[in-house]
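Q: Predicted structure and sequence below. I'll ask about it afterward.
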Amino acid sequence: MNSYGDPSSSRGRAQIPGANGDPGTADAHARGDDARGNGWSPEGTAQGGRASVAPRGAGGRASVGGSASVPPPRGGVAGSASVGSASVGRVGAGRASVPVPGAPAAGRAGAGRASVPVSPAPGGAPAGRASVGVGSAGRASVGSAAVGGLAGRATVGRAGVAPVSGGGAGGPGGPGGPSGPGRGARGAGDPNKIARAKKRRRINMLIASFAIFIMLAGIGVVGFTYYSTTVVLPEQLPLPLSTTVYANDNKTVLAKLGDQNRQLVKIDEIPKHVQDAVAAAEDQSFYEHSGVDYKGIARAAWNNLSNGDKQGASTITQQYARNAYASLKDDTYARKVKEAILASKLSEDYTKAEIMEHYLNVIYFGRGAYGIEAAAQTYFGVPTKKLTVAQAAVLAALIKQPVASETHKGYDPADNPEDARSRWTYVLDGMAAKGWINAPNKPQRPTDAQYPKTLSPKAAGSAAFGVGTSRGNVINYVRDEMEQWELCTNSGAAGKIGCVDALREGGYRIQTTIDPKLQTAAENTAMRSKKNSELADQPKNLMAAVVSIEPKTGRVLAYYGGDSGVGFDYAGKNIDEKTGALTGGHPPGSSFKVYTLAAAIDAGISVKSHWDATPFKPSGYDQPVQNANRDVSQTCGKWCTLEYSTVQSYNVPFFHVTEKIKPSSVVDMAKKAGVSTLWTVDPPQAYDLAKNDSKDLAPKKFDNVIGYGQYPITVLDHANGLATLANNGRYNKAHFVMKVEKQDVDTGEWKVLKGEKLKSQPRIRADVAKEVTSVLKQIPAHNSRSLENGREAAGKTGTWEYDSKDNAHAWMVGYTPQIATAVWVGSKDSRRPQIKDKDGKDIGGSTLPGAIWQRYMNAALDGEGKESLPSVTGMGDQDAGNGTEPAPKPTPEQPEQPGQPNCDPLNIFCQQTPGNPGGPGNPGTPGNPPDTRPTVGPRARE
């Protein structure tokens, strides 16, 4: 982190006794600089004040950036010298007068001036001069420098020494003489004479060194004149702007992307009290100087050369220049000269308002926030235009040092509340002193009790910066869709900016389809770190994924595929870093039967058709096809309707159905519904269904076992397929972006670059989709997963085994007309693929995934109207199955109940009372969900 400002600032007076016992005085005000070297040196900056030191026996007068008085030496000369007055654009002949120590002289030494032009006007040749007066009747001119255009000249003037004897103001009759106010001079045999002389020499050398420094600075200006005339202004150097990704309300921030969290804000959106607070904190003379504080520079140079505190004199304009140009990041005196040149150039080409706007968009405020807009959002959760005076003062106080260093904790209220409040008071004091508050037509000063509370670092907006959050996976889809809209490239296409760079530096505002209410519901239900989630107290190897889609639009309303967007996405596709292979699918088990059922109905097979459900070993297969070890002879045996087999999740009938309609038909139906990718299992290989003909893939790659879900798909694809069924067969591509906006840097206005174009496609016949829904709506109640308030919903469970004893993947999927949701639970530990709950029991589709699906759907649909689902029609060929009708079983006569025939509830030929569908459609006993694990069929791999 970088920071601005030094750890301390102080103001005080020091008294140093002179030779005559009278105290001298020193006033000093030091303003520190920042850890970035914000000022003359990295240690800090100092400004202002006077320093007076009365050395023994010293005479004359020295002034550095101010004034200092020294009583004349015994028998010496009263004179004065002025060093370090600098001005831009003014020139004059300079002189330096050096007297002979102890010699009487009349008059006073000339006050010197150094004039250094920064931006010389064409044809002009401003000159700089420096004079050092130590007390002499004569004069010495040390350095007259003129700089103009690309050339300059420097001259070393005359040096004259007055006779030792003589009268005048400094002679015997003057103030320093025998009759003057000063003490008499000691004779040549004075034992302290040598010491005094050495002390004077040291002082003179120090002053001369400073004069030489000024001369060298002038030479430096000559060397950088060309640089100053060819400088590229910041307006031509666009700053990297962070991209903000919002939920569908265009307010809730999902993530901020970029190397720097920065958002552009124009000056007319920055309240005046915000600008004034920053000026009060960083540069109270901002509206008065021409970009460079030369007095401050002189004071800093003097202090540095005299081994005082390291000081600087950076104005707001200089700080902006340093942040806008990479070449000014080093901490050298050469950099300071460049910085001053740029600051002067900026002041010539920009108004104060424009400089303030640029500055407030680049400066760092801590917590990853660059610029005032990001800072306002990060610390207070409001835009800049809504900042109060109190809040503005907090942000302005941060600039000095927003993050902790080895010597100071910084001014973030969360880390250093005492110093942060003290600095806040300093800012308000500065605003009051300048009349920016507590003045007519100005805001009132906040009281101490009105010190504003900042957001905690965790709750701050910057906490969402980047993709390392549970919502970060959404950004991967945003990037893909931006490429589809040709806004950028993920593959390095010529003439296109990379999507990663575009999102990092382009300053986009992206509105996604994510519903913040539903996203929160998904996370609260499935995310382990959430205290009351379904996984909170479960074994640590368990992982869940949830995807929810709006059927009528294809908008992804909620997406949870893991806790970080830079980690593995358990709901979507991933690229294996080692092999480059596409990964991410999970075997869907019986939940895939929804597509097999649709394909069968589409092929003219009625859900009332009968199928043989008894286990058998197909020709060419190594193992028999089973029904998860359930004895179907106790139910429907060889005479099970397709409807009943779906509700009970029998596998054998679906093997027969797939064989009859061909596995390619199942693959094609899944493709129509929205499944984009299928994986084989041995070896694992992803196949893009859009780029391959279904007949080329099945049965060659996907055999009859596809009918009950051996081959992996993603949670996102599964949710998209269900959404198509929920929308009566009309497909909408699942998508995450509603619109992409980019800000006009000149006007600050946001313009829409691209927006979603909804295009619903009729892919599955409506009567087929409705018939599938009529069967699936019986399943939630069968598995004790009915929704609240009698809301009807279609659903299907699914489980895939790790081996004959343990499960590895469990699903529950389902929908209403408003929402389609797929839930998967598996293991994130490849060394521990088995999924067992905290009690050591196998996890099936109706258990943990069912609990997540049910809880999420209730939360998501809360307040939504209830819509009824269609009922079974039995359309199609009821004789299409391979079932064998059993002979009627004789039953003992029983007394009939009034209005109800005498029958056995398990007799599929028994006529049930209305509201209790029997026979093949009987969903079983609610509250006692059966083991729905599909058996790994012949040739199938775990």
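A: Everything's here; your move.
Q: what about the stretch 151-300 of the chain, any weak spots by pLDDT?
A: 151-191, 208, 210-238, 293-300 (pLDDT under 70).
Q: redo that, cut-off 80
A: By pLDDT under 80, the weakly predicted segments of the stretch 151-300 of the chain are 151-239, 259, 290-300.
Q: ranges for the strands of the stretch 351-500 of the chain?
A: Remark: strands of the stretch 351-500 of the chain, listed N- to C-terminal, are 369-370; assignment by DSSP state E, counting those that start in this stretch.
Q: in it, which spans are helices?
A: Shown for the stretch 351-500 of the chain, the helices assigned by DSSP state H, counting those that start in this stretch span residues 352-362, 372-380, 389-398, 417-433, 473-484, 499-505.
Q: Show me what the last one is packed up against.
A: It refers to helix 499-505. Based on contacts counted as 3 or more CB pairs under 8 Å, 6 or more residues apart in numbering; DSSP states H and E, the elements that helix 499-505 packs against are strand 243-246, helix 473-484. C-beta: built from backbone N, CA, C; applies to glycine.
Q: what's the closest of those to Ser347?
A: In terms of CB to CB, the element of those nearest to Ser347 is strand 243-246, at 32.6 Å.
Q: For Asn727, find the nearest of the helices of the stretch 351-500 of the chain.
A: Closest to Asn727 of those is helix 473-484 (CB to CB; 20.5 Å).
Q: any residues touching the closest one, and which ones?
A: Outside helix 473-484, the residues that touch it by CB atoms under 8 Å, 6 or more residues apart in numbering are 245, 254-255, 257, 467, 488-491, 499-500, 502-503, 510, 512, 514, 556, 559, 561-562, 565, 569, 571-572, 735-737, 740, 754.
Q: Just the buried residues of the residues you listed.
A: Applying a neighbour-count criterion of 16 or more other CB atoms under 10 Å, the buried members of the contacts of helix 473-484 are 245, 254-255, 257, 467, 488-489, 499, 502-503, 510, 512, 514, 556, 559, 561-562, 565, 569, 571-572, 735-737, 740, 754.
Q: Looking at those, which are in strands?
A: Applying DSSP state E to the buried ones among the contacts of helix 473-484, the entries found in strands are 245, 254-255, 257, 510, 512, 556, 559, 737, 740, 754.
Q: Would you mind giving those as JSON lines with distance to Val652 added?
A: Below are these laid out as JSON lines (distance: CB to CB, whole Å):
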{"residue": "Val245", "distance to Val652": "48"}
{"residue": "Leu254", "distance to Val652": "46"}
{"residue": "Ala255", "distance to Val652": "47"}
{"residue": "Leu257", "distance to Val652": "51"}
{"residue": "Ile510", "distance to Val652": "49"}
{"residue": "Thr512", "distance to Val652": "44"}
{"residue": "Val556", "distance to Val652": "36"}
{"residue": "Tyr559", "distance to Val652": "36"}
{"residue": "Val737", "distance to Val652": "44"}
{"residue": "Val740", "distance to Val652": "50"}
{"residue": "Lys754", "distance to Val652": "50"}
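Q: May I ask which two of the residues you listed are separated the most?
A: Set against one another by CB to CB, those have their most distant pair in Tyr559 and Lys754, with a gap of 20.5 Å.
Q: and of the helices and strands packed on helix 499-505, who's closest to Ala449?
A: Between Ala449 and the helices and strands packed on helix 499-505, the shortest separation by CB to CB is 34.0 Å, and it involves strand 243-246.
Q: so what's the backbone phi/psi at the nearest residue to Ile605 once chain neighbours are set aside?
A: The shortest distance from Ile605 to any residue that is not its chain neighbour, by CB to CB, 6 or more residues apart in numbering, is 4.4 Å, and that residue is Ala880. For Ala880, the backbone dihedrals (degrees, to the nearest 10) come out as phi -80, psi -10.
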